[in-house]
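*Asks:* I'll drop the sequence and a predicted model, then ask my questions.
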Amino acid sequence: MRPFHIAPPLTTLREAHPTALRLLDVAREGNQSARVALAQLWLTEGIPAAFAESPALYDVVRSWLGARLKIHAKEISLVGSARVGQSLNPRKLGKRFNATSDLDLLAVSPRLFESFRADFEQWSADYDGGRVRPRNPTQERYWADNRKRGPYLIRRGFMDSGMIPWLSSYVVTQTTAQHLWELVKKLESTDTAPKPKKASLRVYRGWEDAVAQIALNLKYASTEAETA
């Protein structure tokens, strides 16, 4: 019987919240299976560093948001600097999660993904047809970029809720934005809770899509950090 095999760079990675530099070193030294392991375990599971002082609060937050999004709490996770405690972005590598950081959430739900895709397709048609118009040049640049990138992201199996304008015509997008705003406000008034400036949500079609994208992000980040 052959024993289980662990990718060599992972054998000494035993802490729950390694430093950002350590994670990127493992991502760079390891192969795709090592990056998948990082994505599946260290970057999407367990108690996030941002909730280390009150682990149970993390579950309360997920349950509260899941009830409003009509998905199970287990389908919600936290990524980014709030997960490991430091930023993995090569431009901000090692910067600790603090009061100026964002709360980057992900949801894995085929139903919710399809709802956001429907909102995006409706907004795209309205934007192309001139039925909705940006209010200023800055918004116009963002809208044009989001309109261009959206179909590519959908093919990869995910959508960012902030890519669609928070207008009443796009019900799922608008209500999700309201829930995220309420989440930040509730955290502000909760003892031992992180106090982010804002919260964002990325919705994945399935776990295969989520792990693939996070592993890809790790590959790019580790390469950029090495050459920076």
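*Replies:* That came in fine, so what should we check first?
*Asks:* need the contact list for residue 200.
*Replies:* Going by C-beta atoms under 8 Å, 6 or more residues apart in numbering, residue 200 touches 102, 103, 104, 105, 160, 161, 162, 180. Yep, even glycine has a C-beta here, placed from its N, CA and C like the rest.
*Asks:* among these, which are in strands?
*Replies:* Using DSSP state E, the members of these that fall within strands are 103, 104, 105, 160.
*Asks:* what separation do you get for the nearest residue in space to residue 13 that is not next to it in sequence and residue 114?
*Replies:* Nearest non-adjacent residue to residue 13, counting by C-beta to C-beta, 6 or more residues apart in numbering: residue 26, 5.8 Å away. Using C-beta to C-beta, to the nearest Å, we find residue 26 at a distance of 35 Å from residue 114.
*Asks:* more neighbours: the two, which one.
*Replies:* Legend: neighbour count by other C-beta atoms under 10 Å for residue 26 and residue 114, higher for residue 26 (23 against 14).
*Asks:* just the element for the more buried one, please.
*Replies:* Assigned by DSSP states H and E, residue 26 belongs to helix 20-29.
*Asks:* next SSE after that helix?
*Replies:* Helix 20-29 is succeeded, C-terminally, by helix 32-37 (DSSP H and E).
*Asks:* and the average pLDDT for the helix holding residue 26 is what?
*Replies:* In this model, helix 20-29 has a mean pLDDT of 95.
*Asks:* buried sites along that helix?
*Replies:* 20, 22, 23, 24, 25, 26, 27, 28 (16 or more other C-beta atoms under 10 Å).
*Asks:* pull the CA atoms of it into PDB?
*Replies:* Extracted in PDB, the C-alpha atoms of helix 20-29 (Å, rounded to 0.1, in the frame of the first residue of the first chain):
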ATOM      1  CA  ALA A  20       2.300  36.200   4.200                       C
ATOM      2  CA  LEU A  21       6.000  35.800   3.200                       C
ATOM      3  CA  ARG A  22       6.000  32.200   4.300                       C
ATOM      4  CA  LEU A  23       2.800  31.400   2.400                       C
ATOM      5  CA  LEU A  24       4.100  32.900  -0.800                       C
ATOM      6  CA  ASP A  25       7.500  31.100  -0.400                       C
ATOM      7  CA  VAL A  26       5.600  27.800  -0.200                       C
ATOM      8  CA  ALA A  27       3.400  28.700  -3.100                       C
ATOM      9  CA  ARG A  28       6.500  29.500  -5.200                       C
ATOM     10  CA  GLU A  29       8.600  26.500  -4.100                       C
END
